[in-house]
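**Q** All I have is the shape, not the residue letters:
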């Protein structure tokens, strides 16, 4: 419970970044809060606050994984966030090779 | 629950305009469900053995059954926010637009109408967001994935293997 208390002080974006970094050992990790773009659409009850994010991850862990598998890995890492108001993610999930690394 | 479920089955099932198929699968489900309705009173003097069991519970068609039937009956099944004529979310709208490029019949349900269905679909596919696209009974992904597959030709391939309508 103590750690959760500390987490509340961080933004969701930083929590997402931290969790994805830990789980996916990302080479590139970009997290952008785009909730304002979805303000007012159905099922976003209050103001659009930390509900929608764009996530770009480049990770060796995606090697050999289908897109669905890669997205599942991201969702699994963010399960807590998804249960606490994270509404949607636009995910770009690439292997280092796909992203242009040698 | 029964009433809500049956009205949802009738109302919530939408087919895109190219397809004239009616929701006949849902219709037969509904009839099957109604047949098992018990109207015998549950008298407290009656011994438990003779009390009518809640037939509805035992033979109940669960939401999971509905999902399984949806994806089995329909080549393309889309669980979305809103409906194809009026999507209620940009991602759902994108999924509809991408799939529409292929001129295949698209069957959909608006998960905003029924939170229980929404949870059942999430549990079924183990996927936390909408829209969700199923092709030939297989979970394909959300709007990002569908768009990606459209751009690289994979979606065309997936849609080629067609089930009988």
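**A** All right, it came through fine. Computed from a predicted structure; not experimentally measured.
**Q** Can you find the helix or strand of chain B with the lowest average pLDDT?
**A** Least confident helix or strand, chain B: helix B:24-35 with a mean of 42, by mean pLDDT, DSSP states H and E.
**Q** Run a quick neighbour tally on residue A:34.
**A** 14 (other CB atoms under 10 Å in any protein chain shown). For glycine as for every other residue, the C-beta is placed from the backbone atoms N, C-alpha and C.
**Q** cool, residue B:112 as well?
**A** 18.
**Q** Which residues of chain A lie near chain B?
**A** By CB under 8 Å from any CB of the partner chain, the residues of chain A that approach chain B are A:37-38, A:41-43, A:67-68, A:71-72, A:75, A:79, A:82, A:87-92.
**Q** just for chain A, where's the confidence low?
**A** Counting by pLDDT under 70, chain A contains low-confidence ranges at A:1-9, A:40-48.
**Q** Run through the helices of chain A in chain order.
**A** A:2-9, A:12-24, A:67-77, A:79-83 (DSSP state H).
**Q** In contact with residue A:23, which residues?
**A** A:73, A:76-77 (CB atoms under 8 Å, 6 or more residues apart in numbering or on different chains).
**Q** Give me the buried subset of the residues of chain A next to chain B.
**A** A:38, A:41, A:43, A:67-68, A:71-72, A:75, A:82, A:87-92 (16 or more other CB atoms under 10 Å in any protein chain shown).
**Q** Walk me through the domains of chain B.
**A** B:2-50, B:63-164 (automatic domain parsing).
**Q** who in chain B is up against chain A?
**A** Counting by CB under 8 Å from any CB, chain B sits next to chain A at B:81-82, B:88-91, B:112, B:126-129, B:139-142, B:144-145, B:148-149.
**Q** change it to 7 Å
**A** B:81-82, B:88-91, B:112, B:128-129, B:141, B:144-145, B:148 (CB under 7 Å from any CB of the partner chain).
**Q** circling back: least reliable of the domains of chain B by average pLDDT, please.
**A** Mean pLDDT is lowest for domain B:2-50 among the domains of chain B, at a mean of 53.
**Q** So which residues of chain B form helices?
**A** B:2-12, B:24-35, B:55-58, B:63-73, B:90-100, B:115-125, B:143-151, B:154-160.
**Q** Over in chain B, which residue gets nearest chain A? Let me know.
**A** Using CB to the nearest CB, the point where chain B gets nearest to chain A is residue B:88, with a distance of 3.7 Å.
**Q** ok now do residue B:117, which residues does it touch?
**A** B:63, B:109, B:111 (CB atoms under 7 Å, 6 or more residues apart in numbering or on different chains).
**Q** Excluding covalently adjacent residues, which one is nearest to the last one?
**A** Excluding its sequence neighbours, the residue lying closest to residue B:111 (CB to CB, 6 or more residues apart in numbering or on different chains) is residue B:118, at 4.1 Å.
**Q** Hmm, that neighbour is touching residue B:124, no?
**A** No. Residue B:118 is beyond contact range of residue B:124, at 10.9 Å (criterion: CB atoms under 7 Å).
**Q** burial measure for the residue nearest to residue B:111, as a count.
**A** 19.
**Q** any idea how far the closest residue to residue B:102 other than its chain neighbours is from residue B:118?
**A** Excluding the flanking residues, the one nearest residue B:102 by CB to CB, 6+ apart is residue B:159, at 5.4 Å. Plainly put, residue B:159 is 26 Å away from residue B:118 if you go by CB to CB, to the nearest Å.
**Q** what do you get for residue A:96?
**A** 36 Å.
**Q** cool, residue B:76 as well?
**A** From residue B:76 to residue B:118 the distance is 19 Å (CB to CB).
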